[in-house]
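1. 3D, please:
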Amino acid sequence: MSNSRDSESKSTLKKHSEIPRTLGFLIAFVGVFFLVATVFSLITIVVLQAASGDTGPLSSKDKYTIALSITSLLTALGALYIGIKLIKKLDSGRKLFNIFGLIVIALAWVKFMYKQNAIEKSFANMPAELAANAKQIELGDTLTVFILPVILIVVALLLNLPRSKASLK
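-> This next block holds a predicted model:
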């Protein structure tokens, strides 16, 4: 009798894992945070463009900044959407996160490669000591490219655990 009750409570625990819901809250929070940051970034771009009075064509730096802001906005909205799906314990949130993780990693690599190319061009005319100091500032982007995939893979592994999958509808 006691043995069947123990196995029943264990199966209930497996089906009611809070891992997806907890990760959903974290992912939604990150989505909201980056959504607010991106909106402020876009507002800053518009205000600076208007303040400069420059009505000519956009520079390649401005185009890059706008493209980065738009992809950041879409990424933030995607994270918020996935977070809400996971909070509701929908399996589609897990599946979307798996795709989302791959897209975010690809975008991080594209951004990294573009910036490395731009850095090499801009540092070519700098004195060697100044260029070395400026490259240290760019260390954050380099770390992001290597740390972000690890974080996303850990979250994907947690979401794809058998007990996490069993708790999703």
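2. Just the pLDDT at Phe123, thanks.
-> pLDDT recorded at Phe123 is 65.
3. ok, now which ones touch the residue positioned nearest the centre of the chain?
-> In the chain, the residue lying closest to the centroid (Cα atoms, centre = their mean) is Val104, at 5.7 Å. By Cβ atoms under 8 Å, 6 or more residues apart in numbering, Val104 lies in contact with 75, 148, 152. Using the backbone N, CA and C atoms, a C-beta is placed for each residue, glycine as well.
4. Phi and psi next, for it.
-> Note on Val104: backbone dihedrals following degrees, to the nearest 10 are phi -60, psi -40.
5. Tell me how far it lies from Gln116.
-> Counting by Cβ to Cβ, to the nearest Å, the gap from Val104 to Gln116 is 19 Å.
6. same deal with Leu143?
-> 14 Å.
7. So which of the two has more stuff around it?
-> Using other Cβ atoms under 10 Å, the more surrounded residue of Leu143 and Gln116 is Gln116, with 15 against 10.
8. Could you give me the ChimeraX syntax to select whichever of the contacts of Val104 are buried?
-> Buried subset of these, written as a ChimeraX selection, criterion 16 or more other Cβ atoms under 10 Å:
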select :75,148,152
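9. Next, report how far stretch 151-163 is displaced from the centre of its chain.
-> Relative to the chain's own centre, stretch 151-163 is displaced by 15 Å; criterion: Cα atoms, centre = their mean, to the nearest Å.
10. coming back round to it: save the contacts of Val104 as CSV, and put in pLDDT and secondary structure too.
-> Formatted as CSV, the contacts of Val104 follow (pLDDT from 0 to 100; DSSP: H, G, I helix; E, B strand; the rest coil):
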residue, pLDDT, secondary structure
Thr75, 93, helix
Leu148, 84, helix
Leu152, 90, helix
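11. And the contacts of Val104, which is closest to Pro20?
-> Proximity of the contacts of Val104 to Pro20 (Cβ to Cβ) peaks at Leu152, which lies at 15.3 Å.
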